[in-house]
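*Asks:* structure for this input, please:
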Amino acid sequence: KYFLNLAPPPLPYLHNDLDYRVGPPDWPGGDEAWRDFRRTQPVNTHSHLIAMMLGTSESIPISDGAMTKGKYQSILAVDIDGPKTRGVCVQVTGGK
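*Replies:* Now for the predicted structure:
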């Protein structure tokens, strides 16, 4: 709720206004086809703004084969833009 107060969904963000969003020049079917596609997408400027505040990646040290996080620390995946199929990428670097 804190982040929704910082970026309220009902504000008139230009990102959500299809009349100001022209399609890519090579979009099949031209600008009208682009607008038809955009109408199927969520009104989600607030989601982008919240994602910028939360960040999209995390670095967690590994020591002796275990994540070194605090006793009360957790790793959360937050879905701001409604339920969708998402992927998580884990990259391990370093060595002994």
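*Asks:* for Met53, give me its contacts.
*Replies:* Counting by CB atoms under 8 Å, 6 or more residues apart in numbering, Met53 touches 3, 6-7. The C-beta positions use only the backbone N, C-alpha and C, and glycine is treated the same way.
*Asks:* mind putting these into TSV with neighbour count?
*Replies:* Below are the contacts of Met53 laid out as TSV (neighbours: other CB atoms under 10 Å):
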residue	neighbour count
Phe3	16
Leu6	10
Ala7	18
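*Asks:* what are the ranges of the helices in this protein?
*Replies:* Here the chain has its helices, by DSSP state H, at 2-6, 30-38, 45-54.
*Asks:* state the distance from Ser74 to Ile60.
*Replies:* According to CB to CB, to the nearest Å, Ser74 stands 11 Å off from Ile60.
*Asks:* who has more neighbours out of these two?
*Replies:* Higher neighbour count among Ser74 and Ile60: Ile60, with 10 against 6, using other CB atoms under 10 Å.
*Asks:* so the more buried one sits against Ile75, correct?
*Replies:* Yes: when contacts are counted by CB atoms under 8 Å, Ile60 is listed as touching Ile75 (7.2 Å).
*Asks:* Asn44: neighbour count?
*Replies:* Residues near Asn44, counting by other CB under 10 Å, number 17.
*Asks:* buried set for stretch 68-84?
*Replies:* Buried residues in stretch 68-84, counted by 16 or more other CB atoms under 10 Å: Ile80.
*Asks:* what sits up against that stretch?
*Replies:* For stretch 68-84, with CB under 8 Å, 6+ apart as the criterion, the contacting residues are 3, 42, 44, 46-47, 50-51, 54, 58, 60-62, 67, 86, 88.
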